[in-house]
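>>> attaching a predicted model along with its sequence, questions to come.
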Amino acid sequence: MALVRSLARPAADRAVPRVLPRALPRVLIVDDSAVARAVLARVVVDSGRYSLVATCATAAQAQALLRQTGADLILLDIDMPGTSGLAAMGDLLRDGGDAKILIVSGSAEEGGAHAVEAMALGAADTLVKPSATTVGARFGDVLLAKLDALSASYADVNEGVREAAVPAFPFDVVAIGASTGGIHALTAVLRAVPASMQRPIVVTQHLPASFSSFFAAQLSSVSGRPCVVADDRMRLLPGQIAVAPGDAHVVAVSLGDGSAALRLSREAAATGNLPAVDPMLSTLAKVYRERLLAVVLSGMGRDGLEGARDVRAAGGIVLAQDRASSVVWGMPGAVVEAGLAHAIMTPAQIAGFIAANGGGR
């Protein structure tokens, strides 16, 4: 406890905004434990790389503060009295705008139910919070590494990569692939696309099967559109989002009238992912050809690269999320490095492109 006491300065625990330089990423801490708030605040402040906006003991305090001042990064506990961190995620993401949430909780073991649920709800990453008796310098190093990865947009990580000009491109279907960090980007895109855009949207997000229905419900809430977990022989409908189940790829088959139905496949993908982005993009490209808009968001690995290649060959358009806003630039980076992206865009720019071109021919 000696280390904890040495870090726990009450002055760092402020429930009101501070006047901060905007040059540094702004961090908001939400945890019901005064000791945890003090420890996290000390790590953030002493790094010299971040500005501490405030520390809050409840989700309600955090929501009010976000509406007033905003933040770039939110450190959020799960187990809190009243509204839990998981229950508050949707409201915090809404009020926080582009803020990224890092779950810091003793119950956020990697691969555990809470960690997976948090990612499904839109958290950018998770970190296990040690007990008060075991916290040490190693925890601070890991926390800062996580924050550095999430705040890469404050560095010139896109140096040498120029955004391509994209002409007007009416499309009939949007296909979006994402993995690690992609849920945050995906929700940002779908939240910003107006209801007047009635083209079907097909999504493959790397996620366990047990969370597919929950994920679909969250996307429906965020986007204001019907969102369903794809089933076999399901026809694509205007204005609807179809998400791949966690235990099967979605593949498109032509219905002979220019539209498609979705089938489920469990054939092994070259990338080893299930579901995989590649079969979704490749089969939709066969049906819709130049009428397909493909989007590759944040994710680890190279899933989506071969699918993007098929979309380009068929005459469709490929958009890749920019490196600065991506939690992991593996998937979109692979597409960009292969010269397959027509444009490299932020989630907001992707949403703008979809809105501008999704009204039909």
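Arrived safely, thanks for sending.
>>> how about low-confidence regions in the stretch 1-150 of the chain?
Along the stretch 1-150 of the chain, segments meeting pLDDT under 70 span 1-23, 110-111, 132-137.
>>> and the helices in it?
Under the criterion DSSP state H, counting those that start in this stretch, helices of the stretch 1-150 of the chain are mapped to 2-7, 34-47, 59-68, 85-96, 113-121, 137-150.
>>> does Val243 touch Val203 like I think?
Yes - counting by CB atoms under 8 Å, Val243 does reach Val203; the two are 4.5 Å apart. Where C-beta positions appear, they are placed from N, C-alpha and C, glycine not excepted.
>>> find the residues that touch each one of the two.
Shared contacts of Val243 and Val203, defined by CB atoms under 8 Å, 6 or more residues apart in numbering, comprise Leu219.
>>> and the helices of the stretch 1-150 of the chain: which comes nearest Leu237?
Of all the helices of the stretch 1-150 of the chain, helix 113-121 sits nearest to Leu237, with 23.6 Å by CB to CB.
>>> that older thread, quick one, which of the helices of the stretch 1-150 of the chain is nearest to Val189?
Nearest of those to Val189, taken as CB to CB: helix 85-96 at 13.0 Å.
>>> which helices and strands does the closest one pack with?
helix 59-68, strand 73-76, strand 100-105, helix 113-121, helix 182-192, helix 212-223 (3 or more CB pairs under 8 Å, 6 or more residues apart in numbering; DSSP states H and E).
>>> which positions within it qualify as buried?
By neighbour count with 16 or more other CB atoms under 10 Å, helix 85-96 contains the buried residues Gly85, Leu86, Ala88, Met89, Leu92, Leu93, Arg94, Asp95, Gly96.
>>> could you give the angle of it to strand 100-105?
Angle, helix 85-96 to strand 100-105, by axes from the mean of the first three to the mean of the last three CA atoms, to 10 degrees: 160 degrees.
>>> gap between helix 85-96 and the chain center?
14 Å (CA atoms, centre = their mean, to the nearest Å).
>>> stretch 97-106 too?
Worked out by CA atoms, centre = their mean, stretch 97-106 lies 11 Å from the chain centre.
>>> average pLDDT for stretch 204-220?
Summarised as a single mean, pLDDT over stretch 204-220 is 89.
>>> got the buried residues for that stretch?
Of all the residues in stretch 204-220, those buried under the rule 16+ other CB under 10 Å are Thr204, Gln205, His206, Leu207, Phe211, Ser212, Phe215, Ala216, Gln218, Leu219, Ser220.
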